[in-house]
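*Asks:* Quick check, what structure comes out for this input:
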Amino acid sequence: MMFGGDGLSLTTPLPYNNPSGTQTFTVQQRVEAFDLPSQMNIGATYDIYFKKDSISMRKHKLSIAGTFISNAFGNDQFALGAEYSFYSILYLRCGYLFEKGIFSSTDRMTVFTGPAAGVSVDIPLRNKSAFCLDYSFRQTDPFYGVHTFGVRLKL
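*Replies:* Now for the predicted structure:
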């Protein structure tokens, strides 16, 4: 891929011996070809419902997920995660991101160094709507981790 077009040219007045400013010249910026940044994800998930009778069906759910992430300008990554859902109100999550050299600060190509965790609370409203609060943590090196807070409204 390469950039091109009129946006890369600049017309400016000649600086010397041009008192009227009517003489101009055009400068064309040179560009280099580059690879298009891309990412491919392949993932799978499996849901496990815990039940003892038809009344408690779908009140407890465990979801297990895995993803392979191929990056054009970085190391390929493998992500594993799990989520436990309690009555579709409380969600507990954990995960791990692995790439070649993740334990070496000179070989890894991301600041995220592996483990992650999170919790969500969905407060039911009327008409199947919900007000949701989210929190997650991802371990990083440097910066001592990334904390994320979120608010969602399900309509």
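
*Asks:* Now residue 155. Nearest residue, chain neighbours left out?
*Replies:* Distances taken as C-beta to C-beta, 6 or more residues apart in numbering place residue 129 nearest to residue 155, at 5.5 Å, with adjacent residues excluded. The C-beta positions use only the backbone N, C-alpha and C, and glycine is treated the same way.

*Asks:* what about the nearest residue to residue 143 once chain neighbours are set aside, how many neighbours?
*Replies:* Counting by C-beta to C-beta, 6+ apart, the nearest residue to residue 143 once its immediate chain neighbours are dropped is residue 111, at 6.6 Å. The burial count assigned to residue 111 is 13, neighbours taken as other C-beta atoms under 10 Å.

*Asks:* Which stretches in this structure count as strands?
*Replies:* Applying DSSP state E to the chain gives strands spanning 9-13, 24-28, 39-50, 60-71, 77-86, 90-99, 112-124, 130-140, 146-154.

*Asks:* Throw the ones you listed into a markdown table and include mean pLDDT and mean neighbour count, thanks.
*Replies:* Below are the strands of the chain laid out as a markdown table (pLDDT from 0 to 100; neighbours: other C-beta atoms under 10 Å):
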| stretch | mean pLDDT | mean neighbour count |
| --- | --- | --- |
| strand 9-13 | 80 | 10 |
| strand 24-28 | 81 | 9 |
| strand 39-50 | 94 | 11 |
| strand 60-71 | 94 | 15 |
| strand 77-86 | 95 | 16 |
| strand 90-99 | 95 | 16 |
| strand 112-124 | 93 | 16 |
| strand 130-140 | 95 | 15 |
| strand 146-154 | 95 | 10 |
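
*Asks:* any chance of the ones you listed in TSV, plus distance to residue 3?
*Replies:* Formatted as TSV, those follow (distance: least, C-beta to C-beta, whole Å):
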stretch	distance to residue 3
strand 9-13	12
strand 24-28	12
strand 39-50	21
strand 60-71	22
strand 77-86	29
strand 90-99	30
strand 112-124	31
strand 130-140	33
strand 146-154	33
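
*Asks:* Compare the ones you listed and report which one is nearest to residue 105.
*Replies:* Closest of the strands of the chain to residue 105 is strand 112-124, at 8.9 Å (criterion: C-beta to C-beta).

*Asks:* Surely residue 142 touches residue 111?
*Replies:* Yes: if you go by C-beta atoms under 8 Å, residue 142 and residue 111 touch, sitting 7.0 Å apart.

*Asks:* Fine, thanks again, bye for now.
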